[in-house]
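Colleague: Here you go, sequence then predicted model.
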Amino acid sequence: MGNSTRRVRIPSRESAIGAPLEFKGSEKYSLGMELEFQVVDKDTQQLLPLGPAILEEAAQDPWLEGRAHYELMENTVELVTAKTDSGKLPTRVSQLGTDMRRAVAATAKLAEKRGATLVLSGSHPFADPTKQRYTDNHRIKAMIEDIGKPMRDLQTYGLHVLVCLFYTS
């Protein structure tokens, strides 16, 4: 089959996002993982809007670039798996673990420099979602505009494991 880009248009989202969603083809399956971390004060455990500052510094690290992403709230940092050193997406669970442990350790150091720590939890036990700041990003703004109150009230964090299988037409 070879590598190809398959454009999938989702009409209700295309106008808000401004471009079609693209799914990359591959010759065999690949694996991916996303971890959404709360950025919290290491002493009080209050959510801190430090995601953008952490991500700006992460972008200066050639290894972290492409692995650290913005999320809905400024109190969140998302880490994702990326291509391995050989330039391919992971195909083994052990590769995911190795990649993610290194990304978490490097990003945790960036949070620690700011008096914060990264926490994995489905939700925050006492933070008020209406008092959290949204990430200043056109995609985030479009989702909030499209979805409205449910999106504004969303304050969840998660682990997503992605399995991509090759596509044949």
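Modeller: Happy to help now that I have it. Predicted model only: the values in this text are computed from it and were never measured.
Colleague: Looking at the protein, which strand is longest?
Modeller: strand 30-41 (DSSP state E).
Colleague: That strand - contacts with which helices or strands?
Modeller: strand 76-80, helix 93-112, strand 116-119, strand 159-164 (3 or more C-beta pairs under 8 Å, 6 or more residues apart in numbering; DSSP states H and E). C-betas here are computed from N, CA, C, even on glycine.
Colleague: Now render those as a markdown table, adding mean neighbour count and mean pLDDT.
Modeller: Shown next, in a markdown table, are the helices and strands packed on strand 30-41 (neighbours: other C-beta atoms under 10 Å; pLDDT from 0 to 100):
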| stretch | mean neighbour count | mean pLDDT |
| --- | --- | --- |
| strand 76-80 | 23 | 93 |
| helix 93-112 | 16 | 90 |
| strand 116-119 | 19 | 96 |
| strand 159-164 | 12 | 70 |
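Colleague: Please identify which of the ones you listed is closest to residue 48.
Modeller: strand 116-119 (5.3 Å; C-beta to C-beta).
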